[in-house]
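Peer 1: only geometry, no sequence info:
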DNA sequence: AGTACCATCCCCACAAATGAGGATTATGAT
DNA sequence: ATCATAATCCTCATTTGTGGGGATGGTACT
């Protein structure tokens, strides 16, 4: 793999080998970009950044959960001169999108990918503006139960607390997320990896 | 692309070019299988089946919606001697899984894919046993509203029917699907492409 | 010491959903 | 013609959830 400094160097962190290979194959013929490394493992990201010095880190956010809404860039310790780009299979929520300089999907064709990568502003500084109120651990726990279809009474009994406490937690969850409906909360929980499809029904 | 009758011939119907390329690349080195064609378009499936005569049709079920639970094999008119295999990005519901002779995911590596393909029974006859009660059009409509977080009253007003009717529809939905909770119904609706993430919240 | 937040608990009034009955009309298939 | 089903409407009783107030003790940071 030869180093060509005219081309932007791309590092991909993606759990699926199939998608990695497809991504590499699409990038192969693309002008101006060069695929330098891939890993399915978040823990190797530091090592790969140091050894490959990519210009762009493409990262599948489903690989980790973001209950605690710290900045992805700072959490993964990605230098600010490198662009941070998401690669997703389906829809992700706004907060996650806002963390990235661009969002690619597996359904993008080569042109779309190149256009999105070209559109990255070089002054890439994730603003950390996302000052959303975080849910507390207890609130996340209660939310998990709510979206699994448990009633307040059941949740109370499971956690050995009063039903009033459960209701209070739910009020705070609704206030913080701004989401009133159970279906909306279900989607929130799915998108934030608080639960998986299998947990429900 | 040479014809090698010792190898099982695979036709892929997959909307994502990235995934198609990755799949082809993984199959390339696999022993006993040969990638013969791909398309992102369901409507071309007939044409491709006739011209390529694959042994295995790999199909991403997200490409179409299955409100009406007819057999996928018969709906797409796939000859019974061809194996029908799903390729999915995430979890899909049991009914859809049951329609296929095998279910691959994008996270599978080459070994897993080959193992799953090897595991296909040659007497592949989708049993059509899935005799689940279908939801009627009206019920699907009401379900869509429910998982968007609308109250019975709102649904009634939207459809110019009595709230009692809405409640009756919901009772029938619960009876037919066996799913009591709104979160479970939300997942059902997502998995059956009755709604998308964007519809909610 | 003050502030902020968390987790816990309570009250009240009202809205909404559930569960178990029942009913009518219309349509389409055997 | 009979049967099944969809779609509509209804009652009654009960359970759950919502929205608006509170309150207390604890922890953690400044």
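Peer 2: Yep, it's here. No experiment lies behind these values; they were computed from the predicted model shown. Numbers count the residues shown, from 1 in each chain, chains lettered A, B, ... in the order given.
Peer 1: Residue A:14: what's it in contact with?
Peer 2: Each residue near residue A:14 by CB atoms under 8 Å, 6 or more residues apart in numbering or on different chains is listed here: A:20, A:23, A:38, A:39, A:40, A:58, A:59, A:60, A:63, A:87. Every C-beta, even on glycine, is put in place using the N, C-alpha and C of the backbone.
Peer 1: Can you tell me the closest non-neighbouring residue to the fifth one?
Peer 2: Counting by CB to CB, 6 or more residues apart in numbering or on different chains, residue A:15 is the residue found nearest to residue A:40 once chain neighbours are left out, at 4.8 Å.
Peer 1: mind checking how far the helix ranked longest in chain A is from the chain centre?
Peer 2: For chain A, the helix reaching the highest residue count under DSSP state H is reported as helix A:163-177. Taking CA atoms, centre = their mean, to the nearest Å, one finds the center of helix A:163-177 at 26 Å from the center of the full chain.
Peer 1: Also stretch A:151-167?
Peer 2: Relative to its chain's centre, stretch A:151-167 lies at 31 Å (CA atoms, centre = their mean).
Peer 1: So for it, mean pLDDT?
Peer 2: Rounded to a whole number, the mean pLDDT of stretch A:151-167 is 96.
Peer 1: can you check stretch A:60-77 too?
Peer 2: Taken as a whole, stretch A:60-77 has a mean pLDDT of 69.
Peer 1: Report the separation between the two terminal residues of it.
Peer 2: Its first and final residues considered, stretch A:60-77 spans 16 Å by CA to CA, to the nearest Å.
Peer 1: Now for the residue most central in space within chain A: which residues touch it?
Peer 2: In chain A, the residue lying closest to the centroid (CA atoms, centre = their mean) is residue A:61, at 3.0 Å. With contacts taken as CB under 8 Å, 6+ apart, residue A:61 has the following neighbours: A:72, A:86, A:88, A:92, A:96, A:99, A:100.
Peer 1: Going by distance to DNA strand D, which of those residues wins?
Peer 2: The shortest approach to DNA strand D among these belongs to residue A:72, at 22.9 Å (CB to the nearest atom of the strand).
Peer 1: mind checking how far that closest one is from residue A:80?
Peer 2: When CB to CB, to the nearest Å is the yardstick, residue A:72 and residue A:80 sit 13 Å from each other.
Peer 1: From DNA strand C, how far out is the residue lying farthest from the centre of chain A?
Peer 2: Residue distances from the centre of chain A (CA atoms, centre = their mean) peak at residue A:162, which lies 34.7 Å from the mean C-alpha position. Shown here: residue A:162 relative to DNA strand C, a distance of 3 Å by CB to the nearest atom of the strand, to the nearest Å.
Peer 1: now residue A:160
Peer 2: Using CB to the nearest atom of the strand, we find residue A:160 at a distance of 7 Å from DNA strand C.
Peer 1: One more: residue A:33?
Peer 2: Summarising the geometry, the distance separating residue A:33 from DNA strand C, computed by CB to the nearest atom of the strand, is 42 Å.
Peer 1: Can you pull the phi/psi pair for that residue?
Peer 2: Backbone geometry at residue A:33, expressed as degrees, to the nearest 10, gives phi -130, psi 150.
Peer 1: follow-up on the earlier one: for the residue farthest from the centre of chain A, give me its contacts.
Peer 2: Counting by CB under 8 Å, 6+ apart, residue A:162 touches residue A:156.
Peer 1: Help me confirm that residue A:37 is found in a helix?
Peer 2: No: using DSSP: H, G, I helix; E, B strand; the rest coil, the assignment for residue A:37 is strand, not a helix.
Peer 1: That one against residue A:53, yeah?
Peer 2: No: Residue A:37 is not in contact with residue A:53 according to CB atoms under 8 Å; the separation is 10.3 Å.
Peer 1: Counting neighbours, go ahead and name the busier of those two.
Peer 2: Neighbours of residue A:37 and residue A:53, each counted by other CB atoms under 10 Å in any protein chain shown, are more numerous for residue A:37; the result is 18 against 14.
Peer 1: residues contacting that one?
Peer 2: A:11, A:12, A:48, A:51, A:52, A:54.
Peer 1: So which residues of chain A form strands?
Peer 2: For chain A, the strands defined by DSSP state E occupy A:8-13, A:33-39, A:56-59, A:83-88, A:102-105.
Peer 1: quick one, which of those strands is packed in tightest?
Peer 2: Comparing these by mean neighbour count (mean count of other CB atoms under 10 Å in any protein chain shown), strand A:56-59 comes out on top with a mean of 24.
Peer 1: Look up how far chain B lies from the residue nearest to residue A:28 when sequence neighbours are not counted.
Peer 2: For residue A:28, ignoring the flanking residues on the chain, the nearest one in space by CB to CB, 6+ apart is residue A:35 at 6.9 Å. Counting by CB to the nearest CB, to the nearest Å, the gap between residue A:35 and chain B amounts to 12 Å.
Peer 1: just residue A:63 next, same as before
Peer 2: When CB to the nearest CB is the yardstick, residue A:63 and chain B sit 11 Å from each other.
Peer 1: Show me what from chain A comes close to DNA strand D.
Peer 2: Residues of chain A lying near DNA strand D by CB under 7 Å from any atom of the strand: A:151, A:152, A:153, A:167, A:168, A:170, A:171, A:174, A:180, A:182.
Peer 1: Of residue A:72 and residue A:80, which one has the most company?
Peer 2: The neighbour count for residue A:72 versus residue A:80, taken as other CB under 10 Å, is higher for residue A:72 (19 against 12).
Peer 1: Assess the claim that the more buried one and residue A:85 are in contact.
Peer 2: No: using CB under 8 Å, residue A:72 makes no contact with residue A:85, being 11.2 Å away.
Peer 1: what's the overlap in contacts for these two?
Peer 2: With contacts taken as CB under 8 Å, 6+ apart, residue A:72 and residue A:85 have A:59, A:100 as neighbours in common.
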